[in-house]
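# any chance you could fold what I've pasted below:
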Amino acid sequence: LVPHFDPQRVRKIHGLSGGNPLLIEELCRDPEFAQADAPDEKVSFRVAAVVERRLAAMPPDVVDWLDHIAVCVGPVPIWILAELVGLPRTALGKMARRLAMIDFLHHDGDGAPEDASVRFRHAMLKQAVQDRLSPDRRRALHAAIAAHMLGNAQAKREAGRKEQLAHHLLSSNNALGLEY
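Just a heads-up that it's a prediction; the model follows:
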């Protein structure tokens, strides 16, 4: 993409992108990341623009589903997402596979698509989706997830869910999270 690369910049771009071809290409084209000392924690405006374009081409219910995934910690079981957004598990499972094929999500699981978990393919993609959410929208998503987890016995029993519940409660400004 650029005729001459500084080896330090190449290492940095590879480290930031995790080897994801989409992210490598966009980071290489981003003038802000042209310097080797560009900040690691900031999402490239080019990556954010790519994410915005992809989201704009998706149906609103899929974008809502991705917003829920963006505020979650770690992989999220599709069955939980289906209950949260009111869509059939099979439909979400198929969508997860399609989004995995375009390197947007990672689909964990070898069985039926609806029995798997999903997460963003890369932290930069997740951060770009999170960054477009208003603080009120983010708090509302956390509150909805926390309420679902509190009302769902299976979600409460799964390993690691107490920490996730505390995260969602605290992120929704609910002091109940301090008890977890």
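
# identify each buried residue in stretch 78-95, please.
Neighbour-count burial for stretch 78-95, with 16 or more other Cβ atoms under 10 Å as criterion, is recorded at 78-84, 87, 89, 91-93, 95. C-betas here are computed from N, CA, C, even on glycine.

# quick one: average pLDDT of that stretch?
The predicted model assigns stretch 78-95 a mean pLDDT of 87.

# what about it, start to end distance?
For stretch 78-95, the first and last residues are 10 Å from each other (Cα to Cα, to the nearest Å).

# output the lowest mean pLDDT helix or strand found in this protein.
In the chain, no helix or strand scores lower on mean pLDDT, DSSP states H and E than helix 153-157, which sits at a mean of 62.

# beyond it, next helix or strand please.
As assigned by DSSP states H and E, the chain's next helix or strand after helix 153-157 is helix 161-171.

# who are the neighbours of that next one, in terms of helices and strands?
Applying 3 or more Cβ pairs under 8 Å, 6 or more residues apart in numbering; DSSP states H and E, one finds that helix 161-171 contacts helix 135-151, helix 153-157.

# which stretches of this protein form helices?
7-17, 21-29, 45-56, 60-70, 78-85, 89-101, 123-131, 135-151, 153-157, 161-171 (DSSP state H).
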